[in-house]
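>>> Whatever this is, show me its structure:
(one chain, ligands or ions: 1)
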Amino acid sequence: MNFSEILLQWYPFNKRELPWRNTNNPYFIWLSEIILQQTRVEQGLPYYLKFIQSFPKVADLANAKEDKVLKLWQGLGYYSRARNLHYSAKYILEYYDGIFPKTYSDILSLKGVGTYTAAAIASFSYGLPYAVVDGNVIRVLSRVFGIKTPSDTSLGRKEYQHVAQDLLNKKNAADNNQAIMEFGALQCTPKLPKCTSCPFISNCFAYQTRSIGALPVKCKKIRIRKRFLNYLLIQNGKAIILGKRNEGIWKGLYEFPFIEYANKKSEKAIISSAEWIEFFKNTHYKIESVSDEFIHKLSHQHIYAKFWTVNIQDFELKNHSFIKNYRIKDYPVSRLTDKFLKEYNIT
Ligand code: SF4
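Down below sits the predicted model:
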């Protein structure tokens, strides 16, 4: 048996039952694939169900308000995915009459869809012979075949794509793609792969050469940026100030204004800093409380945040407005802000 045949034999006995595997509706598959980017299946599943229930058709998503889409996405992170979904749904409605595109290149041209996602939608929905290459696929191929080209270089990406495409069973691309990803997720896992029950054990390069831990190879180390944010919950009676972000990873979400520092500072140093003094100039304010520190880790940045509750009588801030405290739960906010609001019972 060849590589694909072994996978296709392994798959039906080992696969998880997941709702997006029981459909070939390209819209549902697109939603699931975008939700599952950088998200675990267990975390993404309830979001998928919420989205298909709230927006059963592309047109429903296209016609929804951005705030509603982001609110539904709240807690999932990487909000550009939700904004791109919304943008592309509108595009499909306008240029394809609400019918999901049917060719690989048309699917690839949607905003937020890369080669992996286009191959997944094209093969799962239409059976088109395009091989998916994601982290699971790279791990399986590098270990079984001993590929040592760093996967995060353009040479590596090309090589993995080429090998995966070569190995793809073109007549059963959908199951073949599902099978290799599932195999990487369940059997050939990053740590402690289940080698003793693996159908590739006798031919697996990594197992035979005891190099499992060294494969796949990556050359770049992600540089993590540390950010120190001090959110300001500026209150005027029972109203609190809130603004909509128009840039960055949290674009489209609502947030309290904040002051950012490059280094960690004591509370005393913050209050006497030039940034703080400038922010509050010509106002009379009273600091009510300061929260504990919240640490929020993203792939490229670690955020250390404190939330300062400040009472002010007269205050105005560009692009911000006062809303009633109890209405804050209606606004889409970042997971970090949501965590703070829940822990401190602010509703
Ligand atoms: S033998 Fe181990 S390392 Fe090799 S493919 Fe199987 S699970 Fe992965």
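>>> Okay, helices next: where are they in the stretch 151-300 of the chain?
Using DSSP state H, counting those that start in this stretch, the helices of the stretch 151-300 of the chain run over 154-167, 173-186, 205-208, 267-271, 274-279.
>>> looking at those helices, which is closest to the ligand?
In terms of Cβ to the nearest ligand atom, the element of those nearest to the ligand is helix 205-208, at 3.9 Å. Heads up, the C-betas are built off the backbone N, CA and C, glycines and all.
>>> nearest to Ile312, of the helices of the stretch 151-300 of the chain?
helix 274-279 (11.1 Å; Cβ to Cβ).
>>> any idea how far Ala174 lies from Met1?
20 Å (Cβ to Cβ, to the nearest Å).
>>> which of those two has more neighbours?
Taking neighbours as other Cβ atoms under 10 Å, Ala174 and Met1 compare with Ala174 leading, 20 against 9.
>>> can I see the domain layout of this protein?
3-214, 225-343 (automatic domain parsing).
>>> what is the rounded mean pLDDT of the shortest one?
Think domain 225-343. Across domain 225-343, pLDDT averages out at 93.
>>> Quick one: closest of the domains of the chain to the ligand.
Across the domains of the chain, the ligand has its closest neighbour in domain 3-214 (3.1 Å, Cβ to the nearest ligand atom).
>>> Would you tell me whether the closest one gets close to the ligand?
Yes: using Cβ under 6 Å from any ligand atom, we find that domain 3-214 touches the ligand at 143-144, 187-188, 193-195, 198, 200-201, 204, 206-207, 212.
>>> Among those residues, which pair sits farthest apart?
Of all pairs drawn from the residues of domain 3-214 next to the ligand, the greatest distance, 14.0 Å, lies between Val144 and Lys194 (Cβ to Cβ).
>>> anything in contact with each of those two?
Listed as contacting both Val144 and Lys194 by Cβ atoms under 8 Å, 6 or more residues apart in numbering are Cys188.
>>> Among those two, which residue is more densely surrounded?
Taking other Cβ under 10 Å, Val144 and Lys194 do not tie; Val144 has more neighbours (22 against 11).
>>> Please name every helix or strand in contact with the helix or strand hosting the more buried one.
Val144 is part of helix 135-145 when elements are defined by DSSP states H and E. For helix 135-145, the contact count by 3 or more Cβ pairs under 8 Å, 6 or more residues apart in numbering; DSSP states H and E identifies helix 154-167, helix 173-186, helix 205-208 as packing neighbours.
>>> Please repeat the previous calculation with a cut-off of 6 Å.
On a contact count with 3 or more Cβ pairs under 6 Å, 6 or more residues apart in numbering; DSSP states H and E, helix 135-145 meets helix 154-167, helix 173-186.
>>> which outside residues touch the first one?
Contacts of helix 154-167 with the rest of the structure, by Cβ atoms under 6 Å, 6 or more residues apart in numbering, involve 3-4, 131, 133, 137-138, 141, 149-150.
>>> Among these, give me the pair with the biggest separation.
Going by Cβ to Cβ, the pair spanning the contacts of helix 154-167 furthest: Ser4 and Pro150, at 25.2 Å.
>>> coming back round to it: just how off-centre is the helix holding Val144 within its chain?
22 Å (Cα atoms, centre = their mean, to the nearest Å).
>>> For Tyr304, give the beta-bridge partners.
Counting by DSSP bridges, Tyr304 is bridged to Phe228, Ile295.
>>> check contacts around it.
With the criterion set at Cβ under 6 Å, 6+ apart, Tyr304 makes contact with 228, 293, 295.
>>> Buried deepest among the helices of the stretch 151-300 of the chain, which one?
Highest mean neighbour count among these (mean count of other Cβ atoms under 10 Å): helix 173-186, with a mean of 22.
>>> Taking helix 154-167 as reference, get the angle to that one.
If you take axes from the mean of the first three to the mean of the last three Cα atoms, to 10 degrees, helix 173-186 sits at 120 degrees to helix 154-167.
>>> Which residues does helix 173-186 contact?
Contacts for helix 173-186 (Cβ under 6 Å, 6+ apart): 4, 7-8, 11, 15, 123-124, 127, 129, 132, 136-137, 139-140, 168-169.
>>> Just the buried ones from those?
4, 7-8, 11, 15, 123-124, 129, 132, 136-137, 139-140, 168-169 (16 or more other Cβ atoms under 10 Å).
>>> just to revisit the earlier point, just say which of the domains of the chain is most tucked in.
By mean count of other Cβ under 10 Å, the domains of the chain have domain 3-214 as the most buried, with a mean of 17.
>>> chain center to it, what's the gap?
13 Å.
>>> Over to stretch 282-294?
That offset, for stretch 282-294, works out to 32 Å (Cα atoms, centre = their mean).
>>> May I have that stretch as PDB, with CA atoms only?
Provided in PDB are the C-alpha atoms of stretch 282-294 (Å, rounded to 0.1, in the frame of the first residue of the first chain):
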ATOM      1  CA  ASN A 282      -7.300  70.300  32.600                       C
ATOM      2  CA  THR A 283      -9.500  67.700  34.400                       C
ATOM      3  CA  HIS A 284     -10.300  66.900  38.000                       C
ATOM      4  CA  TYR A 285     -10.200  63.200  38.500                       C
ATOM      5  CA  LYS A 286     -10.200  60.700  41.300                       C
ATOM      6  CA  ILE A 287      -8.700  57.200  41.000                       C
ATOM      7  CA  GLU A 288     -11.200  54.800  42.500                       C
ATOM      8  CA  SER A 289      -9.300  51.600  42.100                       C
ATOM      9  CA  VAL A 290      -6.700  49.700  40.100                       C
ATOM     10  CA  SER A 291      -7.100  46.100  39.100                       C
ATOM     11  CA  ASP A 292      -4.600  43.300  39.500                       C
ATOM     12  CA  GLU A 293      -2.400  42.700  36.400                       C
ATOM     13  CA  PHE A 294      -3.900  40.600  33.600                       C
END
